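Chemist: Here's my sequence, what's the structure:
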Amino acid sequence: MSLAKIPVTIVTGFLGAGKTSLVRHLMENSDGRKLAVLVNEFGDVGIDGDILKGCADPNCPEDAIVELTNGCLCCTVADEFVPTMTALLARPEPPDHILIETSGLALPKPLLKAFEWPDLRTRITVDGVIAVADAEAVAEGRFAPDPAALAAQRAADTSIDHDTPLGEVFEDQVACADIVILNKVDLIDAAALQKALDTVQAEASRKIPVVEASEGRVDPRIVLGLGAAAEDDLDARKTHHEDHGAHDHDDFETIVVTLPEQASPASVVETLEAVSLAHGILRAKGHVAVAGKPMRLLVQGVGGRVRAQFDRPWAAGEPRLSRLVVIGEKGFDHAAVTAALQG
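Modeler: Numbers count the residues shown, from 1 in each chain. So this is what the prediction gives:
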């Protein structure tokens, strides 16, 4: 058995920033590495895991793609993360590299601290923490569905001395990163790009490189093999929550909506865009059955922007079941959102 530690890359980032796209790209360009992927869903349906399993190949077989759906990794370290990592390391052919895609709401620091566990510390090392950020959202400062309303509230209430919950999550993810991937730069102009770059550097606790990307396509040599040993560098990764208390997932709520068969991809996009804007939905994703089409429609929405594409044929015997995972701030109207999507 090799005494070398297995490198682990943690991919974190704001909701809908493109983490799954980046992981999928790395899987498809592994350069011969045997990979294992651990994906942490925030919701009841394993959409991200399903997307990634569609990319399984001999270098990353389907049984090396593990989904954790019982809560955010930063809150389930002892119960789920450590046993799962131990099982991956015990495989007959251990992976050469492990990719961890956290939920969009996860804080990286508690996860980094888990690598100090005796069962893990001698066998794996954090090769790097990669924070993926949506360029347009960062440029606009859109860390909540209605930033204008939040700004007005902050101005009116002098007792508010902290960022919005989503802003704090973003701050902590960037503060822990070794590299920030500023994704979807093809959707913004040069002025907005510069604003996004300035915002990321302002949130960083130290000088870190920022890489521009579209669709999560980044040269793997940039993000794999960093040798950061982040578990030994925790003090340099100062985060908001070390000074302002613990992370509270009660700021967000998730529902799963089952849909009837849809008439067309355009109708799905139009409906979801309208519902997201009307109800302040942060994130929506899932698979939808379209009438007369043999392939599944993969739907991914961030705020009012929704994208849809056919990803694969429905398998023989597989039910043509349409389900969307919908994430919003605490208190959003579950019944109204469900009725609007199902209508």
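Chemist: Dihedrals phi and psi, the residue nearest to residue 93 when sequence neighbours are not counted?
Modeler: The shortest distance from residue 93 to any non-neighbouring residue, by C-beta to C-beta, 6 or more residues apart in numbering, is to residue 34 (6.7 Å). Where C-beta positions appear, they are placed from N, C-alpha and C, glycine not excepted. Phi and psi for residue 34, reported as degrees, to the nearest 10, are phi -80, psi 120.
Chemist: Give me the pLDDT value at residue 34.
Modeler: Residue 34 is assigned 88 on the pLDDT scale.
Chemist: Distance check, it against residue 266.
Modeler: 41 Å (C-beta to C-beta, to the nearest Å).
Chemist: out of those two, which sits in the more crowded spot?
Modeler: residue 34 (17 against 11; other C-beta atoms under 10 Å).
Chemist: Run through the stretch 101-250 of the chain and note the low-pLDDT ranges.
Modeler: 105, 142-166, 239-250 (pLDDT under 70).
Chemist: if you set the cut-off to 50 instead, what comes out?
Modeler: 143-164, 243-246 (pLDDT under 50).
Chemist: what about the strands in it?
Modeler: Using DSSP state E, counting those that start in this stretch, the strands found in the stretch 101-250 of the chain span residues 124-134, 179-183, 210-212.
Chemist: Mind listing the residues bridging to residue 65?
Modeler: residue 37 (DSSP bridges).
Chemist: how many neighbours does it have?
Modeler: Neighbours of residue 65 (other C-beta under 10 Å): 24.
Chemist: one step back: could I get the strands of the stretch 101-250 of the chain as JSON lines with mean neighbour count and distance to residue 200?
Modeler: Formatted as JSON lines, these follow (neighbours: other C-beta atoms under 10 Å; distance: least, C-beta to C-beta, whole Å):
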{"stretch": "strand 124-134", "mean neighbour count": "26", "distance to residue 200": "6"}
{"stretch": "strand 179-183", "mean neighbour count": "25", "distance to residue 200": "5"}
{"stretch": "strand 210-212", "mean neighbour count": "16", "distance to residue 200": "6"}
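Chemist: From the recorded domain assignment, give the ranges for this structure.
Modeler: The domain map for the chain lists 6-244, 249-342, with the assignment taken from automatic domain parsing.
Chemist: Check those domains for me and report the most buried one.
Modeler: Neighbour counts (mean count of other C-beta atoms under 10 Å) averaged over each of the domains of the chain peak at domain 6-244, with a mean of 19.
Chemist: give the contact list for the residue minimising distance to the centre of the chain.
Modeler: By C-alpha atoms, centre = their mean, the chain has its centre lying nearest to residue 104, at 4.1 Å. Residue 104 is in contact with 13-17, 19, 42, 169, 283, 327, counting by C-beta atoms under 8 Å, 6 or more residues apart in numbering.
Chemist: distance of it from residue 302?
Modeler: As judged by C-beta to C-beta, residue 104 and residue 302 stand 10 Å apart.
Chemist: Check residue 319 too.
Modeler: Counting by C-beta to C-beta, the gap from residue 319 to residue 302 is 27 Å.
Chemist: Now do the phi/psi pair for residue 218.
Modeler: Dihedral angles for residue 218 - degrees, to the nearest 10 - are phi -130, psi 140.
Chemist: Please tell me how far it sits from residue 262.
Modeler: Residue 218 is 33 Å from residue 262, by C-beta to C-beta.
Chemist: Nearest residue to residue 187 in space, ignoring adjacent ones along the chain?
Modeler: Nearest one to residue 187, counting by C-beta to C-beta, 6+ apart, is residue 136 at 5.4 Å.
Chemist: I figured that neighbour hits residue 189, correct?
Modeler: No. Using C-beta atoms under 8 Å, residue 136 makes no contact with residue 189, being 10.1 Å away.
Chemist: so what's the closest residue to residue 203 other than its chain neighbours up against?
Modeler: Distance criterion C-beta to C-beta, 6+ apart; nearest residue to residue 203, sequence neighbours excluded, is residue 174 at 4.4 Å. Listed by C-beta under 8 Å, 6+ apart, the contact set of residue 174 reads 131, 133, 180, 200, 203-204, 208.
Chemist: Then residue 96?
Modeler: 6, 33-35 are the contacts of residue 96 under C-beta under 8 Å, 6+ apart.
Chemist: which stretches of the chain form helices?
Modeler: For the chain, the helices defined by DSSP state H occupy 19-28, 47-53, 82-89, 108-114, 118-121, 135-140, 147-156, 165-175, 190-203, 220-223, 240-244, 265-279, 334-342.
Chemist: Which one, of these, ends up nearest to residue 99?
Modeler: Comparison of these against residue 99 by C-beta to C-beta identifies helix 19-28 as nearest, at 5.5 Å.
Chemist: for that closest one, what is the average pLDDT?
Modeler: 88.
Chemist: do the same with stretch 256-275
Modeler: 92.
Chemist: next one: stretch 335-343
Modeler: 92.
Chemist: Pull the residues that contact it.
Modeler: Contacts for stretch 335-343 (C-beta under 8 Å, 6+ apart): 255, 257-260, 271-272, 274-275, 278-279, 281, 324, 326, 328.
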